[in-house]
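1. only geometry, no sequence info:
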């Protein structure tokens with residue numbers, strides 16, 4: 001890891017280290033800052049690419065055992081790579 005990469009990671013950690021973990025208020029900014037820290041492109045605006053293969057708030061169908069289909073969202077999604085689902089939490 002070069003010094004520039006190390007600085008990006010340290011900046012990210014320092015920014016988020018003392019956050020209150022407020023999912024609704026912080027998750028999107030956290031995900032975008034994570035992209036910056038890792039040196040990867042952030043997701044494009046939702047709806048700009050058919051099927052939204054890389055996005056925040058991915059719309060998904062969730063089949064239930066009853067046969068009903070509920071609709072939900074994945075917090076941060078990249079097709080074939082990862083799903084990040086944020087949860088509320090804090091020790092403060």
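-> Thanks, I have the structure now. These figures come from a predicted structure and were not determined experimentally. Residues are numbered from 1 along each chain as shown.
2. Please count neighbours and contacts with C-alpha atoms only from this point.
-> Noted.
3. This structure: strands as residue ranges?
-> Taking DSSP state E as the criterion, the chain carries its strands at 54-63, 69-78, 82-84.
4. most tightly surrounded among these?
-> Neighbour counts (mean count of other Cα atoms under 10 Å) averaged over each of the strands of the chain peak at strand 54-63, with a mean of 16.
5. Which neighbours in the sheet does it have, and how are they oriented?
-> Strand partners for strand 54-63, identified by DSSP bridges, are recorded as strand 69-78 (antiparallel).
6. returning to what we had before: out of the strands of the chain, the one nearest residue 18 is which?
-> Of all those, it is strand 82-84 that lies closest to residue 18, at 20.4 Å by Cα to Cα.
7. now for the closest one, which elements pack on it?
-> strand 69-78 (3 or more Cα pairs under 8 Å, 6 or more residues apart in numbering; DSSP states H and E).
8. Need the residues that contact the strand it packs on.
-> Here strand 69-78 makes contact (Cα atoms under 8 Å, 6 or more residues apart in numbering) with 27-28, 31, 53-64, 83-86.
9. Could you give the average pLDDT over that strand?
-> The average of the pLDDT scores along strand 69-78 is 96.
10. Now for residue 5: which residues touch it?
-> Residue 5 makes contact with 37, 38, 39, according to Cα under 8 Å, 6+ apart.
11. So the second one versus residue 7, what's the distance?
-> From residue 38 over to residue 7 the distance is 11 Å, taken as Cα to Cα, to the nearest Å.
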